[in-house]
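*Asks:* Whatever this is, show me its structure:
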Amino acid sequence: MRLRFRQLQAFHAIVETGTVTGAAAALGISQPGISNLLAELERQTGLKLFERVHGRLVQTPEAGLMYREIDTVVRGLDHVTQTVVDLQNKQAGQLQVASQHSMSFGFLPSVIAKFARDRPDMNISFQSQYSSKIQEWVVAGLFELGVCEMPMLYDNLHVYPLHVQTLLALHEDNPLARHEVLTPELLAQEPFVVMGPDHITQRRLRAAFEAAGVPLRTRVHSHLFKNLLGFVKEGMGVSLLDRFGLEFDTDPRVVARPFKPTILMDMAVITSATRPLSQVGNEFLALLLEELQHYSAGDAPIVRAHSAGLARSGQAEP
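*Replies:* Numbering: from 1, shown residues only. This is a model prediction of the structure:
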């Protein structure tokens, strides 16, 4: 089966814009052209990708799976195109950063804005994504720097490990807000809003409750820290969150308390080990590590691991 890139691009644009009209405008081709490309893609794959419900296009489950893979391909070509434009225009540099979600809503935009203040001609490419995809993007050269959660899935990365203390978020009206520190014993009757069962914070939280002999009551599972925080704001439970999501959210309905035993979230700044950083990338990396130092548990210095293999075992360069 030979799929044409234009078919994938049309499918991607329909998902991104939500309509054939929007996709046509985004790609600069006619609506019948978009419809024909989609029909060809469905015919070649033998898959129904969209259903029309009350006049709206709704993705099928198969379309959702395809989109996740096609997104990398289409965005990759966009980055290639942007690179060519930058070289043609001889721009003063391009900053390419990808981040896991909790840092992307406040912390990293703030750091990037600080870095860009005296670089008015610098072009900035910033995306938030799941950690596995960020590692893939950095390895593939689509982004120079990434910030992700561990573990590392690739060996050809330079890794700067960062261990961040989590905090317990609860609604301001929760009676437990009167405590300075919260423990499994105090939280025995509290419903929790948690990440999926395989996420490191959820596994460590479950282990802490098991060690205390206290049942962990989970009420809501979700996949983003921002979602967890949203449920806490509505009083649906308490949640263990990293400091980035909490410190850059000013909603007065949420208060944060230390949780004991301390649970750390293992994160890392990553760059490719097979290609050198640009001058802009090196300068931003230095600023980013400096800004992250404040979040490092116990103010431990952030140093580069020799390879992702060392990062998996928790070893770092002395």
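*Asks:* Need the phi and psi values for the residue nearest to residue 274 when sequence neighbours are not counted.
*Replies:* Excluding its sequence neighbours, the residue lying closest to residue 274 (C-beta to C-beta, 6 or more residues apart in numbering) is residue 156, at 5.2 Å. Placement of C-beta: from N, CA and C, glycine included. Backbone dihedrals for residue 156, given as degrees, to the nearest 10, come out at phi -90, psi 50.
*Asks:* all strands of the protein, in order?
*Replies:* Using DSSP state E, the strands of the chain run over 50-53, 56-59, 94-99, 123-128, 145-149, 157-171, 191-194, 217-221, 239-242, 254-258, 264-272.
*Asks:* Using CSV, please lay out those together with distance to residue 280, mean pLDDT and mean neighbour count.
*Replies:* As requested, the strands of the chain are exported to CSV (distance: least, C-beta to C-beta, whole Å; pLDDT from 0 to 100; neighbours: other C-beta atoms under 10 Å):
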stretch, distance to residue 280, mean pLDDT, mean neighbour count
strand 50-53, 40, 88, 11
strand 56-59, 37, 86, 14
strand 94-99, 5, 93, 24
strand 123-128, 9, 92, 17
strand 145-149, 10, 96, 25
strand 157-171, 17, 95, 22
strand 191-194, 38, 96, 22
strand 217-221, 40, 95, 15
strand 239-242, 27, 94, 25
strand 254-258, 35, 96, 18
strand 264-272, 13, 95, 22
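*Asks:* which intervals of this structure have sub-threshold pLDDT?
*Replies:* 1, 83-92, 298-303, 305-318 (pLDDT under 70).
*Asks:* center of it, which residue is that?
*Replies:* Against the mean C-alpha coordinate of the chain, by C-alpha atoms, centre = their mean, the closest residue is residue 100 at 2.2 Å.
*Asks:* now for the strands of the chain, which one comes closest to residue 17?
*Replies:* strand 56-59 (9.8 Å; C-beta to C-beta).
*Asks:* Please state the offset of that closest one from the chain centre?
*Replies:* The chain centre lies 26 Å from the centre of strand 56-59; the measure is C-alpha atoms, centre = their mean, to the nearest Å.
*Asks:* Note down every partner strand of it and its orientation.
*Replies:* Strand 56-59 has the following sheet partners, assigned by DSSP bridges: strand 50-53 (antiparallel).
*Asks:* show me the contacts for residue 37.
*Replies:* 6-7, 10-11 (C-beta atoms under 8 Å, 6 or more residues apart in numbering).
*Asks:* Please apply the same query to residue 146.
*Replies:* Taking C-beta under 8 Å, 6+ apart, we find residue 146 in contact with 97-99, 134-135, 137-138, 269-271.
*Asks:* could you dump those to TSV with distance to residue 123?
*Replies:* Listed next are those as TSV, based on distance: C-beta to C-beta, whole Å:
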residue	distance to residue 123
97	12
98	15
99	17
134	20
135	23
137	17
138	18
269	21
270	21
271	19
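*Asks:* Out of those residues, which is nearest to residue 29?
*Replies:* Using C-beta to C-beta, residue 137 is the member of the contacts of residue 146 that lies nearest residue 29, at 27.5 Å.
*Asks:* so how far is residue 130 from the nearest residue to that closest one once chain neighbours are set aside?
*Replies:* For residue 137, ignoring the flanking residues on the chain, the nearest one in space by C-beta to C-beta, 6+ apart is residue 143 at 4.8 Å. Distance, residue 143 to residue 130, using C-beta to C-beta, to the nearest Å: 14 Å.
*Asks:* same thing with residue 31?
*Replies:* From residue 31 to residue 130 the distance is 33 Å (C-beta to C-beta).
*Asks:* Let me see the ranges of the helices in the stretch 1-150 of the chain.
*Replies:* Secondary structure of the stretch 1-150 of the chain, counting by DSSP state H, counting those that start in this stretch: helices at 5-17, 20-27, 31-45, 61-89, 101-104, 107-116, 131-140.
*Asks:* Tell me which of the ones you listed lies nearest to residue 249.
*Replies:* helix 101-104 (10.0 Å).
*Asks:* Identify whichever of the helices of the stretch 1-150 of the chain lies nearest to residue 287.
*Replies:* Closest approach to residue 287 among these (C-beta to C-beta): helix 107-116, 5.5 Å.
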